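>>> Coordinates only, no sequence provided:
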Ligand code: AMP
């Protein structure tokens, strides 16, 4: 069966058409600037050239229509008709406490997703718009929602509660939810299978290090803790997000800089992280590494703070799980940045971990980067959230 995987943002939409039997990607791409002037479709059939089509996309409906037209296009399409799309899998960011697993999309299910909108006001409404648009254009195709939060619903209460008055949990469900769940789930399973570990008898730490970054602790295949919280702002220092800070800093800055809550939140989400720490050199680690190599102190500081925070979370999760069998690095940085991996692993000698310098240079596949006699194994495991969504979709329908 062919599964169309859709990841809808407020003004963008990423898609892949995947053959679920062979798990081959037939075509992929994205729509950019939906609802803004200059919208365009990027379409790439497997083994073919990227095509860019500029055309107005006032809403997500026009964007999805363009994706479907491209998929069946006589020249570069990859299917003869839309009847060859067997199902659609939608990424949904926040499932709150309502969704501990993926779910077939029904009116009732969409109403429940809508109730989680307050928890992810930027993301969930966009996800819902994408789902509605697909339903209009493909009314008879079964669809599934796959939640970023679902994998972490197995966290115990002691890991998901904040030290706040309990009444706010009762009233508003304020608690840790965690994100990147599809990736943490996929990578922890891949890691166990790559190392020949029994997932049902394993302690794993997954470091999803991209522009957004989070760490999770996974015991016997189930998430028991993760660094992101109510929102994706908590935890690691990220590209532009602060991660953990003393909440009293907000009051201090509000007075000193005369900033209101919107300005403070925008600063924490968009001007902080390695971008802010480097005195605004860049949020991209490639730029930071170029600058650090030339001795730029701002870049050196930003990288050091990022790596130290990851190492602290790993240490915390080793304690929380009373041990660890294996650690995975994944996402843009985890998969590609040899220096970040080297510098984080330098903190992990107490776990009997030693870096395999040669393997650390390899790219693009599952690879063991700890030496063969390291007590705890460390591997690079490329994440594949689209494939994970495809698998979940097929399993449910
Ligand atoms: P993601 O959000 O998963 O796409 O990851 C984005 C981050 O990965 C950015 O900070 C990039 O600098 C980093 N990244 C992507 N490719 C590379 C690469 N080849 N070498 C170093 N860092 C990379």
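Nice, I can see it. What you are looking at is a predicted structure, and each value in this text was computed from that prediction instead of being measured.
>>> Going by C-alpha atoms from here, please, whenever you check contacts or count neighbours.
Fine.
>>> Burial check on residue 286, number of neighbours?
13 (other Cα atoms under 10 Å).
>>> Can you list the buried residues in the helix or strand hosting it?
Element membership of residue 286 [criterion: DSSP states H and E] is helix 285-293. Residues of helix 285-293 classed as buried under the neighbour-count rule (16 or more other Cα atoms under 10 Å) are 285, 288, 289, 291, 292.
>>> Over to stretch 85-98?
Under the neighbour-count criterion of 16+ other Cα under 10 Å, stretch 85-98 has 85, 86, 87, 88, 89, 90, 91, 92, 93, 94, 95, 96 buried.
>>> from the middle of its chain, how far away would that stretch be?
14 Å (Cα atoms, centre = their mean, to the nearest Å).
>>> same thing with stretch 361-379?
22 Å.
>>> Residues touching it, excluding its own?
191, 194, 324-329, 335-336, 338, 351-357, 359-360, 380-382 (Cα atoms under 8 Å, 6 or more residues apart in numbering).
>>> Would you mind measuring the gap between the ends of that stretch?
12 Å (Cα to Cα, to the nearest Å).
>>> which residues sit against the helix or strand containing residue 169?
Assessed by DSSP H and E, residue 169 sits inside helix 166-172. Outside helix 166-172, the residues that touch it by Cα under 8 Å, 6+ apart are 174, 175.
>>> quick one: average confidence on stretch 177-190?
Average pLDDT, stretch 177-190: 98.
>>> what sits up against it?
93, 96, 146-153, 160, 199, 204-206, 208, 214, 216, 218, 221, 226-232, 328, 330, 381-385, 388-389.
>>> Ok, stretch 115-130 next?
Residues contacting stretch 115-130 (Cα under 8 Å, 6+ apart): 6-10, 60-61, 90-96, 110, 113-114, 230-231.
>>> now it: how far from the chain's centre is it?
With Cα atoms, centre = their mean, you get 16 Å for stretch 115-130.
>>> So for that stretch, what gets flagged as buried?
116, 117, 119, 120, 123, 124, 125, 126, 127, 128, 129, 130.
>>> Stretch 159-178 too?
Neighbour count says stretch 159-178 has 160, 161, 162, 173, 174, 175, 176, 177, 178 buried, by 16+ other Cα under 10 Å.
>>> where along the stretch 1-150 of the chain do the helices fall?
60-72, 107-114, 124-137 (DSSP state H, counting those that start in this stretch).
>>> The helix or strand where residue 205 lies packs against which elements?
For residue 205, the host element (DSSP H and E) is strand 203-209. In terms of contacts (3 or more Cα pairs under 8 Å, 6 or more residues apart in numbering; DSSP states H and E), strand 203-209 is packed against helix 181-195, strand 213-219, helix 297-321, strand 326-330, helix 331-336.
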